[in-house]
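1. Kindly generate the corresponding structure for this input.
(2 chains)
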Amino acid sequence: DAMVIQNPRYQVTQFGKPVTLSCSQTLNHNVMYWYQQKSSQAPKLLFHYYDKDFNNEADTPDNFQSRRPNTSFCFLDIRSPGLGDAAMYLCATSRVYSSADTQYFGPGTRLTVL
Amino acid sequence: AQSVTQPDIHITVSEGASLELRCNYSYGATPYLFWYVQSPGQGLQLLLKYFSGDTLVQGIKGFEAEFKRSQSSFNLRKPSVHWSDAAEYFCAVANQAGTALIFGKGTTLSVSS
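-> You can find the predicted model right below:
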């Protein structure tokens, strides 16, 4: 029944060691989003894919990149994680690229940076 | 710039009591407004949304919200809280381009027996 799946649920990495977070969806939605949610803060949009078109938010650090090899999968790559990148990372999907359309969220991956 | 404020960081309500979670937004035109719930270990789930029309919006799980333009508010209510409602609640507004959600910092709801 799972619609948006994120793996792993918990990820521990070392300072500066590249890490990849995974998101997959069974909804066949065109749009996939990555949000960063730090402790006691609001989720913040990092970027999104509309089909194969990648859109970066203006204030997303260069350290964060994303790949979408097909409709179902989207990856978040953190090239050199810093302590400040410790957060919950949420993947979401929507059928169309409009905030009027419901976004479906995965359970998140909690990233710890040592 | 659009913003969302949830004044209450943490609220505790007795089971069976009524609930109101506050949300204030900053937006120039008629906003798209949303309430999401995040249960422990789960992703965010949409409770309800407002785009236009009737200012009282019904959602899932017995929740409702009322849009008040004069107060720039979109408060979430439930007449009788159940223990399973304990979660974090996020209010959100769509950005001007209508392409992204701007979330508030959330309100954690605890339910006491």
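2. Contact partners for residue A:79?
-> The contact partners of residue A:79, taken as Cβ atoms under 8 Å, 6 or more residues apart in numbering or on different chains, are A:18, A:63-65. All C-beta spots, glycine's among them, are computed from the backbone N, C-alpha and C.
3. repeat that for 6 Å
-> Residue A:79 makes contacts with A:18, A:63, as judged by Cβ atoms under 6 Å, 6 or more residues apart in numbering or on different chains.
4. Same check on residue A:81?
-> A:13, A:19, A:113.
5. Around chain B, pick out the residues from chain A.
-> A:41-43, A:45, A:98-99, A:102, A:105-107 (Cβ under 6 Å from any Cβ of the partner chain).
6. Return the residue spatially closest to residue A:57, with its sequence-adjacent residues excluded.
-> residue A:45 (5.4 Å; Cβ to Cβ, 6 or more residues apart in numbering or on different chains).
7. Check the burial of the one you found by counting its neighbours.
-> 22 (other Cβ atoms under 10 Å in any protein chain shown).
8. quick one: contacts for it?
-> A:35, A:57, B:100.
9. and the closest residue to residue B:59 other than its chain neighbours, how far is that from residue B:32?
-> Using Cβ to Cβ, 6+ apart and skipping residues adjacent in sequence, the residue nearest residue B:59 is residue B:48, 2.8 Å away. Separation of residue B:48 from residue B:32 (Cβ to Cβ, to the nearest Å): 12 Å.
10. Kindly report the same for residue B:52.
-> Taken as Cβ to Cβ, the span from residue B:52 to residue B:32 is 9 Å.
11. more neighbours, the two?
-> Taking other Cβ under 10 Å, residue B:52 and residue B:32 do not tie; residue B:32 has more neighbours (19 against 9).
12. In terms of helices and strands, where is the residue nearest to residue A:57?
-> strand A:44-50 (DSSP states H and E).
13. Partner strands of that strand, with direction?
-> strand A:31-37 (antiparallel), strand A:53-56 (antiparallel) (DSSP bridges).
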